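[1] Sequence first, predicted model second:
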Amino acid sequence: MPTEILMPALSPTMEEGTLAKWLVKEGDTVSAGDLLAEIETDKATMEFEAVDEGTVGKILVPEGTEGVQVNTAIAVILGEGESADDIDTSPEPKDRDASSHAAPAGPSEDTAPAGGYGRGETEATPGASAPPAPQGESGERIFASPLARRIAKDRGLDLSRIKGSGPKGRIVKADVETAEAAPAPAKPAAAPSAEAAPVAAPAATGPTASQVIAMYEGREVTEVKLDGMRKTIAARLTEAKQTIPHFYLRRDIRLDALLAFRSELNAKLETRGVKLSVNDFIIKACALALQEVPKANAVWAGDRVLELKPSDVAVAVAIEGGLFTPVIKDAEMKSLSAISAEMKDLAARARDRKLSPDEYQGGSFAISNLGMFGIDNFDAVINPPHGGILAIGAGVKKPVVDETGEIAVATVMSVTLSVDHRVIDGALGAELLKAIVENLENPLTMLA
């Protein structure tokens, strides 16, 4: 039976994607595991593979198409003995009695496409609006090609009274063309619907695009089209600032002991090709602090708080057009050199958009470091569902009062901890920040 390949959900939050490139063409024979296409989500480009064999009967969505909704038919696979005549190319909504026939390469629980993979029956997808397969009077499912269904509908034929000649009794075009017209069973009258509840007016979101464009009429401008990543960043950060009750805690950290210790370690690790950054120490310091203050190692889950056992620390990585937050998992258990190597690998693949969703989703806490850009301090926006994010400024030499009461020069780094008040109260946030500061000002203790 012709089987539609559906646009997969390559991550739990994916609603649409870009069909970047087809790796097959119409008429190609494919087997399970063959790569079919490359699909761009808001974060990454992933390969999409077949899970069954057949022939590519028709490509419905050309490569380069943006904004393809999840569960939209993008191609059709023909089974043995089937031809392109059985494919319904009408713009009417397709019947989803067959599965997507394909899967993301290396799928996991988080990346399995909605709708399932097997032939014949599919797992229900929350929110899907596609109609169910037709049923006979006794409730059994009727298998028919999309084209056969359309012809039957046009002619007023009852599919339950037609015997299919296709594979496994499937009704095909020839069956409905030779069938005698017979009125389909009358449907019971729909019950009168209750009066629709009034819909609240949407909250104001600022001027519309046309209004903003009108403001700059006559001025030279360049319109920049939003890609999927930019749209997602805009939506998530707007949601974060509107729904998360942020509060902010600030501290200055003296870095002289850490810089000296880092220089000593790098000299000894040079033969191994390892060079530790200040950011590597910050990741380790935050991971250990989350273990010292376990109540702060938590995320907001709508109607509850989830406290994590491991310290999974996300780190903001700037890329062209946006950013990723790859996660260093079990960071409290890893050495500084292991954190350094993993962070370099994740950052490189983030810039190439080659991270899988499980590498940039999750975590309970994040770090955003703009110190290398000369920023003294800033307030970062929490990445939901995280409980907090630490904004790192530049380390600069400043006059300080030392332990003897004398004026001295020290390298000082300003940090700001943004906290979700639903998850972490003020005193708990202060305790967490204190632990981070102590780890960074006494770096030897992080190796104990």
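    All right, it came through fine.
[2] wait, isn't residue 339 in contact with residue 328?
    Yes - contact criterion C-beta atoms under 8 Å: residue 339 and residue 328 qualify, at 6.0 Å. For glycine as for every other residue, the C-beta is placed from the backbone atoms N, C-alpha and C.
[3] shared neighbours of the two, which are they?
    Taking C-beta atoms under 8 Å, 6 or more residues apart in numbering as the criterion, residue 339 and residue 328 both touch residue 283.
[4] Let me know the next secondary structure element after the lowest-mean-pLDDT helix or strand in the chain.
    In the chain, no helix or strand scores lower on mean pLDDT, DSSP states H and E than strand 102-104, which sits at a mean of 56. Per DSSP states H and E, the first helix or strand lying C-terminal to strand 102-104 is helix 146-155.
[5] Run through the neighbouring helices and strands of that following helix.
    In terms of contacts (3 or more C-beta pairs under 8 Å, 6 or more residues apart in numbering; DSSP states H and E), helix 146-155 is packed against helix 173-178.
[6] I'd like the distance between the spatially closest residue to residue 395 that is not a sequence neighbour and residue 335.
    Nearest non-adjacent residue to residue 395, counting by C-beta to C-beta, 6 or more residues apart in numbering: residue 413, 4.3 Å away. Residue 413 sits 23 Å away from residue 335, taking C-beta to C-beta, to the nearest Å as the criterion.
[7] of these two, who's got more company?
    Counted by other C-beta atoms under 10 Å, residue 413 and residue 335 do not tie: residue 413 has more neighbours, with 24 against 13.
[8] Is that one in contact with residue 394, as I believe?
    Yes - between residue 413 and residue 394 there is a contact at 7.0 Å, judged by C-beta under 8 Å.
[9] what residues are shared contacts of those two?
    With C-beta under 8 Å, 6+ apart, residue 413 and residue 394 have common neighbours residue 371.
[10] Now for residue 54: which residues touch it?
    Contacts of residue 54 (C-beta under 8 Å, 6+ apart): 3, 29, 30, 77, 78, 79, 80, 101.
[11] If we ignore the residues flanking it in sequence, what's nearest the fourth one?
    Nearest non-adjacent residue to residue 77, counting by C-beta to C-beta, 6+ apart: residue 54, 4.0 Å away.
[12] got it, and the second one?
    In space, residue 29 comes closest to residue 55 once its chain neighbours are excluded; the distance is 5.3 Å by C-beta to C-beta, 6+ apart.
[13] from memory the one you found sits against residue 81, does it?
    No - using C-beta under 8 Å, residue 55 is not in contact with residue 81; the gap is 10.6 Å.
[14] okay, the two: which has more neighbours?
    More neighbours surround residue 55 than the other of residue 55 and residue 81, with 19 against 9 (other C-beta under 10 Å).
[15] before we move on, what SS does that one have?
    At residue 55 the chain is in strand, as set by DSSP: H, G, I helix; E, B strand; the rest coil.
[16] Which strands and helices lie in contact with the helix or strand encompassing residue 306?
    Using DSSP H and E, residue 306 maps to strand 305-307. On a contact count with 3+ C-beta pairs under 8 Å, 6+ apart, strand 305-307 meets strand 298-300.
[17] can you tell me which of the contacts of residue 54 are in strands?
    Residues of the contacts of residue 54 located in strands (DSSP state E): 3, 29, 30, 77, 78.
[18] Show me which of these are buried.
    Buried members of those, counted by 16 or more other C-beta atoms under 10 Å: 3, 30, 77, 78.
[19] pLDDT value on the first one, please?
    What it means is residue 3. Residue 3 is assigned a pLDDT of 81 by the prediction.
[20] Then the second one?
    Residue 30 carries a pLDDT score of 87 in this model.
[21] Bridged to it, which residues?
    Using DSSP bridges, the bridge partners assigned to residue 30 are residue 54.
[22] Going forward, the N-terminal residue is numbered 200.
    Done: numbering now begins at 200, and the last item shifts to residue 229.
[23] Pretty sure it sits against residue 235.
    Yes - between residue 229 and residue 235 there is a contact at 6.8 Å, judged by C-beta under 8 Å.
[24] No more questions from me, cheers.
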